[in-house]
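Student: I would like to see how this sequence folds:
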Amino acid sequence: MDQPEFFAEGALVNVLTTQPLDRTLDYRAPEGGCAQGAYVQVPLGPRQVLGVVWGPGRGDFDYAKIRPVTRVLNVAPMRDELREFLIRAGEYTLTPIDSMLRLATRAPGLSDPPSMQKVYRLGDQTPDRMTDARTRVLAVLEEYGGLAFTLKELADMAGTSSSVVKGLVTQGAVLEEATPRDTPYPALDLDRSGKPLTGDQENAATRLRAGLQSESYGTTLLRGVTGSGKTEVYLEAVAECLKLGRQALVLLPEIALTAEFLTRVEARFGARPAEWHSGVTMTERRRAWKMVGQGGAQLVVGARSALFLPFRDLGLIVVDEEHDNSYKQEDGSLYNARDMAVLRAAICGARVVLASATPSLESWANAEAGKYERIDMTDRFGPAILPDMSAIDMRSEAMSSGKWISPSLQGEVRQRMEKGEQALLFLNRRGYAPVTLCRACGEQIECEHCSASMVEHRFLKRLVCHQCGESRPMPEKCPSCEAEGTLAPIGPGVERLAEEAAELFPDARIATLSSDLFGSARALKAGIEAIAQGGADIIIGTQLVAKGHNFPLLTLVGVIDADLGLQGSDLRAAERTFQLMRQVAGRAGRSERKGAALLQTYQPEHPVIRAILDGDEESFWQAEADQRRAAGMPPYGRLAGIILSSPDPQAPFQFGTTLARHDGPLREIGAQLFGPAAAPIARIRGRHRVRLLVKAPKGAPLQQAITKWLAPARLPKDMRLAVDIDPQSFY
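Tutor: The predicted structure is shown next:
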């Protein structure tokens, strides 16, 4: 890499700040000068703000009035490849460059000077007496495998006071150390052997290693049936990347998956990698950010935002469960981490591995077109074999009113319990019931801030809005007509399903896995581990259980409502239903015992249900691709969503209508404009929402046309406009 341009003291430099200005500002280089890419603190009005030296100053302002850079931060400068990535990602997603910079600087305390701090880690002594509070402190330290915590972090995570931690220090059960605030991560042992690979796995690993040795960009779709051992294969690619002296990033779709995955990484490499997600402490986030830039972190495991870390030499990006919707950022800066991973790798000459048992149609189509290499793993690891899949035709089942588990499924569950095996009942609906209705006046209880029904969470005794998070106690009488005892739950959620299962199987140990039933990632991890060790006979779960978990005793999966995802007009409804059903069915029979998956459906003849049962995935993808191609829909066409919102219900429609009348730039590229129309969820957090949809041919310059179209528009007061390139949802 060429040395970045250096600016001597007093020279004009152009600084991009994290403030919402969407432009750069000129400053004078500070004493000692600064290099392009340096992270700096600069004055903006009365405040000091974070910025990056973007290049030489423009010089179009009175030099005497230009203020100097306050100071250069003691962190590694931004590399040219990250700068280019932020620019190109912003241009693709139509995100202002200052918003892109904020994504790349989301670590606390970057402007703090280097200093020492007291940290606390597990000691080797036993306390003279144990209390509940002391037990919680030691449990946190044991769980995090020797990681150090600040006093406040440890006390908060254990739910106790700092004096309890200090008391354990005097006992030698907890060690107090003075360390620099940010230290390198332990070196991973690259000579340590991984698990023995099968022939199928070794073939895939060999091909991934060969790609890395070329040290040039390339993307590989690693498609393996559930239980085929994709993780062990791409960890071999990680090892190869690190041996070449480069850094690796593994993206996971859910924080809930992180704990189990980190355990596997530690078993493979003898040490834990850097973590980057909302579940880690602020101290660890700052440490990870700084060490990634300095080369003090070889491997990062994180959520989608880890893609914006300042890697010194990124050589490999693994996107696990690449089809997962969680990779799409739906608030603020709208981007798809899977697509941005490919962009970043192309810029820095890295390899990308997209791993999935049920790939997205976009990735499947890119592999079909030869843009991506494709590796298929068709065998399950060890003695495990794929489960048998069949449908339960609910039209012929004798169902009682308000019940959801069919007699046929009940019988199968009982058989598994008699054998000491586990059964999973899957329903992709959180809470107790999706709708609460007054039987006296017919009123549905809706959120005061959103056009969405409040979902009853009976375990919490509250109604919760799944759009804005608003929560209130379950009322004793109807808020509309004030009749008492008339509120009734409509439809099932996992909590209601658990209640029904407890009635049907009174001797069963029932565990419910839903993200809102656990107060922390640690509690969720403990719940999952207990189930894996046989701590439940019946598991009730949402899509959380479909992602990567391994329950050795689980041999039956019962899908309560296989038709649920087929409702509505989402163009990806068939694809998502197919992926989710295949993924959740893959939880069954992952060890020596044969598994089965039963889908309760009122539409057993539906093409998607037939494709799920037949297991002919290639035929499904081909048929789906043919339909999308004929309709000119992604990935064979382009879409962009325009979302307008305002506290005034009429303003978005009026403004959207004005935009639609001046769509000349869109018509110039052959694009069609649909709308304005009320969004399916027409109000969120008190803001009324209207959508427009742009549909364009695949090769059309969509971003340029949208920019030209929207440029003359002047937003009314309190109006917000968001552009969603390649939308994944249309709510």
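Student: ok now do the closest residue in space to Gly315 that isn't next to it in sequence, which residues does it touch?
Tutor: Spatial nearest neighbour of Gly315, chain neighbours left out: Arg246 (2.8 Å); criterion: CB to CB, 6 or more residues apart in numbering. Just so you know, the C-beta spots here come from the backbone N, C-alpha and C atoms, and that holds for glycine as well. By CB atoms under 8 Å, 6 or more residues apart in numbering, the contact set of Arg246 is 313-316, 350.
Student: just Pro701 next, same as before
Tutor: For Pro701, the contacting residues are Ile669, by CB under 8 Å, 6+ apart.
Student: show me where pLDDT drops low in the stretch 351-500 of the chain?
Tutor: By pLDDT under 70, the low-scoring segments of the stretch 351-500 of the chain are 380-386.
Student: any chance of the contacts of Arg246 in a markdown table, with secondary structure, neighbour count and distance to Thr281 too?
Tutor: Shown next, in a markdown table, are these (DSSP: H, G, I helix; E, B strand; the rest coil; neighbours: other CB atoms under 10 Å; distance: CB to CB, whole Å):
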| residue | secondary structure | neighbour count | distance to Thr281 |
| --- | --- | --- | --- |
| Asp313 | coil | 16 | 26 |
| Leu314 | strand | 27 | 24 |
| Gly315 | strand | 23 | 28 |
| Leu316 | strand | 25 | 26 |
| Ala350 | coil | 28 | 28 |
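Student: For those residues, name the two members farthest from one another.
Tutor: Asp313 and Leu316 (10.7 Å; CB to CB).
Student: got any residues that touch both of these two?
Tutor: Joint contacts of Asp313 and Leu316 (CB under 8 Å, 6+ apart) are 246-247.
Student: Three-state assignment for Asp376, please.
Tutor: On the three-state scheme (DSSP: H, G, I helix; E, B strand; the rest coil), Asp376 is labelled strand.
Student: Not counting its neighbours along the chain, what's nearest it?
Tutor: Take Asp376 and drop its neighbours on the chain: the residue closest to it by CB to CB, 6+ apart is Arg223, 5.3 Å away.
Student: Hmm, Pro634 and Pro697 touching each other?
Tutor: No: the pair Pro697 / Pro634 is not scored as a contact, 11.6 Å apart, by CB atoms under 8 Å.
Student: Pick out whichever of the two has more residues nearby.
Tutor: Set side by side, Pro697 and Pro634 show more neighbours around Pro634, with 19 against 14, by other CB atoms under 10 Å.
Student: Does that one fall in a helix, a strand, or a coil region?
Tutor: coil.
Student: What's the separation between it and Ser363?
Tutor: With distances taken as CB to CB, to the nearest Å, Pro634 is found 12 Å from Ser363.
Student: Equivalent analysis for Pro712, please.
Tutor: Pro712 sits 37 Å away from Ser363 when distances are taken as CB to CB.
Student: Between these two, tell me which one has more neighbours.
Tutor: Neighbour totals were compared for Pro712 and Ser363, and Ser363 leads with 24 against 9 (other CB under 10 Å).
Student: and that one, what does it touch?
Tutor: Ser363 neighbours (CB under 8 Å, 6+ apart): 221, 322-323, 338, 354, 356, 372.
Student: what about 6 Å?
Tutor: 221, 354 (CB atoms under 6 Å, 6 or more residues apart in numbering).
Student: Which residue, other than its chain neighbours, is closest to Arg83?
Tutor: Spatial nearest neighbour of Arg83, excluding adjacent residues (CB to CB, 6+ apart): Gly37 at 6.7 Å.
Student: and the one you found, which of the three is it?
Tutor: For Gly37, the assignment made with three-state DSSP gives coil.
Student: hang on, it packs against Pro4?
Tutor: Yes: between Gly37 and Pro4 there is a contact under CB atoms under 6 Å: 5.1 Å.
Student: measure Ala423 to Arg587 for me?
Tutor: Distance of Ala423 to Arg587, given as CB to CB: 11 Å.
Student: Tell me the helix or strand right after the helix or strand bottoming out on mean pLDDT in the chain.
Tutor: Lowest mean confidence among the helices and strands of the chain (mean pLDDT, DSSP states H and E): helix 521-532, at a mean of 74. Next in sequence after helix 521-532, counting helices and strands by DSSP states H and E, comes strand 538-541.
Student: other SSEs contacting that next one?
Tutor: If you count contacts as 3 or more CB pairs under 6 Å, 6 or more residues apart in numbering; DSSP states H and E, strand 538-541 packs onto strand 422-426, helix 494-504, strand 510-513.
Student: send the alpha carbons of stretch 124-138 over as PDB?
Tutor: Extracted in PDB, the C-alpha atoms of stretch 124-138 (Å, rounded to 0.1, in the frame of the first residue of the first chain):
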ATOM      1  CA  ASP A 124      -7.900 -19.200  41.700                       C
ATOM      2  CA  GLN A 125      -9.100 -19.100  45.300                       C
ATOM      3  CA  THR A 126     -12.400 -20.200  46.900                       C
ATOM      4  CA  PRO A 127     -14.400 -17.600  49.000                       C
ATOM      5  CA  ASP A 128     -14.800 -18.400  52.700                       C
ATOM      6  CA  ARG A 129     -18.600 -18.300  52.100                       C
ATOM      7  CA  MET A 130     -20.900 -18.100  49.100                       C
ATOM      8  CA  THR A 131     -23.900 -15.900  48.600                       C
ATOM      9  CA  ASP A 132     -26.300 -15.500  45.700                       C
ATOM     10  CA  ALA A 133     -24.600 -12.300  44.600                       C
ATOM     11  CA  ARG A 134     -21.100 -13.800  44.800                       C
ATOM     12  CA  THR A 135     -22.300 -16.900  42.800                       C
ATOM     13  CA  ARG A 136     -23.600 -14.600  40.100                       C
ATOM     14  CA  VAL A 137     -20.300 -12.700  39.900                       C
ATOM     15  CA  LEU A 138     -18.200 -15.900  39.600                       C
END
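Student: ok, residues contacting it?
Tutor: So stretch 124-138 is in contact with 158, 160, 164-165, 171-173, going by CB under 6 Å, 6+ apart.
Student: out of these, which are buried?
Tutor: Among the contacts of stretch 124-138, those scoring as buried are 158, 160, 164-165, 173 (criterion: 16 or more other CB atoms under 10 Å).
Student: Relative to Glu446, how far out is Pro473?
Tutor: From Pro473 to Glu446 the distance is 16 Å (CB to CB).
Student: I meant Leu513, not that one.
Tutor: Separation of Leu513 from Glu446 (CB to CB) stands at 28 Å.
Student: And for Arg47?
Tutor: Taken as CB to CB, the spacing of Arg47 relative to Glu446 amounts to 41 Å.
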